[in-house]
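J.: Could you look at this predicted model? Sequence included:
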Amino acid sequence: MKDFYLEIKHICKQTGARYGVLHTPHGDVEVPMFMPVGTLATVKTLSPEELIGMGSGVILANTYHLHLRPGEDVLSKAGGIHKFMNYPGPILTDSGGFQVFSLMDNRKISEEGVTFKSHLDGSTLEFTPEKVIAIQEKIGADIIMSFDECMPYPVEYEYAKKSVERTLRWAQRGQQAQLRDDQALFGIVQGSDFADLRQHSAVELTKMNFPGYAIGGTSIGEPKDVFIKMIEQSVPFLPEDKPRYLMGVGSIDFLLEGISRGIDMFDCVLPTRIARHGALMTSIGRVNIRDAKYKEDFSPLDANCDCYTCNHYTKAYLRHLYISEETFGKRLLSIHNVRFLISLMEKARRAIKDDRFGDFKKEVYQSFVGDKGF
RNA sequence: GCGAACGUGGUGAAGUGGUUAACACAUCUGGCUGUGAACCAGACACUCGUGGGUUCGAUUCCCAUCGUUCGCC
């Protein structure tokens, strides 16, 4: 599809980090980029205006959850997800592959697809690669994802091998089922932490010539060295000129490690979820706003942050709102965390352009106080 | 003044003649990674109003005392 392509503008001379512009039907966005997650067509507590104001590019929504409610026909009748939720920028829908992992107790996998038992009413839902594409075409995002199996970690080699092969067949089936030509369908590399499987997965997907590639099956509880291994086992076998999307990554260290290894896109619920639970990402590391030590701390959350929350409110006030379970507190904390990661990406892009991403990464780590990093 | 009931952690409260005194809330502390998550986990009463007695052993039984509440003059 002609409206969708990655323009790589610079590759950092210190690392493999890439700076570029991703062209989409809903505008151009710079990479590396962090994509906030709005599973049910809303990034929890935040308005589209706020997101755009924070510099957000792509946001995510979820096929499985939107299929359950309100149903893709509603999205279709609304004129697509952009109109439905009033988000003017690019949107990506995840395929439901992550739910194959997260809803493991309520699903069965076969060659044909996955049978879920709805977590809402217990009804049976058949997800096939073809159906998942059809749903995503009705939802109408700019980027859609192949249906895959996100495997748990660790898994037996034999199982991983079977799963990877099946996910490859699903990718092909999904691609063949695609009718619309204005949505970029991404393939997803799997293979757990097995080098040959990751390579095989990446090589075979590349042969199918997708407009973009994702690396899945990471950040599901594996140790950091395994996480890095999974990236390094995948990236070298993906085409240079296509966007690379590392799924489910949102902690500061994982983001930086991903960028330095040539990843362009990341998504994660982490900033929004932990914000609602009172945890904040700051330039000096993690802050748990509920801690008693902030009761009379009238300084901003992060002196180095330019977000609305840090510009207008104190830790003491934010703590008060959190302890009192006020909705406004969850909004202010979400605003901070999302802006923090978007801002981190802006700084990362600057560093890449200046050929000093390696130094930048070190500086970020060094600014963490104690072991309170992410 | 008389009668009755009750006195258990910050709060509301279970409970038993015998190992670590429920539970909830509050408080404190962690965790959360393609959202089944405004969620989950852990900590928190050297002690059951006070004094004495019975008993091998009392928060639990008895007496006294203080306090609270209710009822009656």
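T.: Thanks, I have the structure now.
J.: Now A:I220. Its backbone dihedrals?
T.: Reported as degrees, to the nearest 10, the phi and psi values for A:I220 are phi -120, psi 30.
J.: give the contact list for it.
T.: By C-beta atoms under 8 Å, 6 or more residues apart in numbering, the contact set of A:I220 is A:101, A:150, A:152-153, A:248. The C-beta positions use only the backbone N, C-alpha and C, and glycine is treated the same way.
J.: top of these by neighbour count?
T.: Counting by other C-beta atoms under 10 Å, A:C150 has the largest number of neighbours within the contacts of A:I220, with 25 neighbours.
J.: Not counting sequence-adjacent ones, nearest residue to that one?
T.: The shortest distance from A:C150 to any non-neighbouring residue, by C-beta to C-beta, 6 or more residues apart in numbering, is to A:F101 (3.9 Å).
J.: who's in contact with the strand or helix carrying that neighbour?
T.: Using DSSP states H and E, A:F101 falls within helix A:97-102. Residues outside helix A:97-102 that contact it (C-beta under 8 Å, 6+ apart): A:62, A:64, A:107, A:109, A:114, A:116, A:145-152, A:188, A:216, A:220, A:247-248.
J.: Take these and keep only those in helices.
T.: A:Y64 (DSSP state H).
J.: Are any of the contacts of helix A:97-102 buried, and if so which?
T.: By neighbour count, with 16 or more other C-beta atoms under 10 Å, the contacts of helix A:97-102 hold A:62, A:64, A:107, A:114, A:116, A:145-151, A:188, A:216, A:220, A:247-248 as buried.
J.: Please name the bridge partners of the residue nearest the centre of chain A.
T.: Among the residues of chain A, the one closest to the centroid is A:D267, at 1.4 Å (C-alpha atoms, centre = their mean). With DSSP bridges applied, A:D267 shows beta-bridge pairing to A:M35.
J.: which residues touch it?
T.: Listed by C-beta under 8 Å, 6+ apart, the contact set of A:D267 reads A:34-37, A:60, A:92, A:94, A:245, A:247-250.
J.: helix/strand/coil for the nearest residue to A:L280 once chain neighbours are set aside?
T.: Nearest-residue entry for A:L280: A:V287, 4.4 Å, with adjacent residues in sequence omitted and distances by C-beta to C-beta, 6+ apart. Secondary structure, DSSP: H, G, I helix; E, B strand; the rest coil: A:V287 is strand.
J.: Neighbours of A:V287, how many?
T.: Neighbour number of A:V287 under other C-beta under 10 Å is 20.
J.: go on, A:R273?
T.: That count, for A:R273 with other C-beta under 10 Å as the rule, works out to 15.
J.: Contact partners for the nearest residue to A:E222 once chain neighbours are set aside?
T.: If the residues on either side of it in the chain are set aside, A:E222 comes closest to A:Y153, at 4.4 Å by C-beta to C-beta, 6+ apart. Neighbouring residues of A:Y153 by C-beta under 8 Å, 6+ apart: A:192-193, A:217, A:220-222, A:226.
J.: of these, the lowest pLDDT goes to which?
T.: Checking pLDDT across the contacts of A:Y153, the minimum falls on A:G221 at 90.
J.: Run through the residues that contact that one.
T.: Applying C-beta under 8 Å, 6+ apart to A:G221 gives the contacts A:Y153.
J.: Distance to RNA strand B and pLDDT for the contacts of A:I220 - can I get that in a markdown table?
T.: Below are these laid out as a markdown table (distance: C-beta to the nearest atom of the strand, whole Å; pLDDT from 0 to 100):
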| residue | distance to RNA strand B | pLDDT |
| --- | --- | --- |
| A:F101 | 6 | 97 |
| A:C150 | 2 | 97 |
| A:P152 | 10 | 96 |
| A:Y153 | 10 | 95 |
| A:G248 | 3 | 97 |
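J.: so which of the residues you listed comes closest to A:K9?
T.: When the contacts of A:I220 are ranked by distance to A:K9 (C-beta to C-beta), A:G248 comes first, at 26.3 Å.
J.: in the stretch 51-200 of chain A, which spans are strands?
T.: A:59-62, A:91-94, A:107-109, A:114-117, A:124-127, A:143-145, A:184-189 (DSSP state E, counting those that start in this stretch).
J.: what about the closest residue to A:F266 other than its chain neighbours, how many neighbours?
T.: Sequence neighbours aside, A:V249 is the residue nearest to A:F266 in space, at 4.7 Å (criterion: C-beta to C-beta, 6+ apart). A:V249 has 23 neighbours, counted by other C-beta under 10 Å.
J.: Quick check: A:V249 vs RNA strand B, distance?
T.: Distance, A:V249 to RNA strand B, by C-beta to the nearest atom of the strand, to the nearest Å: 5 Å.
J.: Contact partners for that residue?
T.: A:218-219, A:255, A:258, A:266-268.
J.: In TSV: the residues you listed, plus distance to RNA strand B and pLDDT.
T.: TSV is the format used below for these (distance: C-beta to the nearest atom of the strand, whole Å; pLDDT from 0 to 100):
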residue	distance to RNA strand B	pLDDT
A:T218	7	96
A:S219	3	93
A:L255	8	97
A:G258	10	98
A:F266	9	98
A:D267	5	98
A:C268	5	98
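J.: Are any of those buried, and if so which?
T.: Buried members of those, scored by 16+ other C-beta under 10 Å, are A:218-219, A:255, A:258, A:266-268.
J.: Sketch out the low-pLDDT regions of chain A for me.
T.: The model of chain A has pLDDT under 70 over residues A:370-373.
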